[in-house]
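**Student:** Structure for this input, please:
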Amino acid sequence: QVQLVESGGGLVQPGGSLRLACAASGFTFSSYAMSWYRQAPGMERELVAHIRSAFGSTMYADSVKGRFTISRDNAQNTVLLQMNSLKAEDTAVYYCSAKSPWGRDYWGQGTQVTVSS
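**Tutor:** Residues are numbered from 1 along each chain as shown. Below you'll find the predicted structure:
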């Protein structure tokens, strides 16, 4: 049974940093592409960052390039999202997602990130 559990969200001031973690279990983690999405109130869910299973190549939404870094630890079955220089518009629920080699998507429950002074 695939499980994705996010942690690390919270309240942070503008300009601050947070590190989100997603603990994965129930599947061959190293074979799955992993992503972070976010959804703000009244908005559609959007892709924030993605890391491939092979070679760990990454891609980012334009809005977070240069501020966010996605990484994965295949030994620990964990994917991280380091978020720096946070802005109010980064406020959202952040979701971890896993995509199987045959294209099926799995989702975590999400973790709230609030950027406010």
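
**Student:** Strands of the protein, start to end?
**Tutor:** 3-7, 10-12, 18-25, 33-39, 46-51, 58-60, 68-73, 78-83, 92-99, 105-107, 111-115 (DSSP state E).

**Student:** Now do the same for the residue nearest the centre of the chain: its pLDDT.
**Tutor:** Closest residue to the average C-alpha location of the chain: residue 36 at 2.7 Å, with CA atoms, centre = their mean. Listed pLDDT for residue 36 reads 98.

**Student:** wait, isn't it in contact with residue 80?
**Tutor:** No: using CB atoms under 8 Å, residue 36 is not in contact with residue 80, being 9.2 Å away. Placement of C-beta: from N, CA and C, glycine included.

**Student:** Mutual contacts of these two, please.
**Tutor:** 20, 22, 70 (CB atoms under 8 Å, 6 or more residues apart in numbering).

**Student:** okay, now residue 114: neighbour count?
**Tutor:** Neighbourhood size, residue 114 [other CB atoms under 10 Å]: 15.

**Student:** could I get the shared contacts of residue 36 and residue 80 as a markdown table with neighbour count, pLDDT and distance to residue 8?
**Tutor:** Below are those laid out as a markdown table (neighbours: other CB atoms under 10 Å; pLDDT from 0 to 100; distance: CB to CB, whole Å):
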| residue | neighbour count | pLDDT | distance to residue 8 |
| --- | --- | --- | --- |
| 20 | 24 | 98 | 4 |
| 22 | 25 | 98 | 9 |
| 70 | 22 | 98 | 13 |
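
**Student:** quick check, nearest of those to residue 63?
**Tutor:** residue 70 (14.1 Å; CB to CB).
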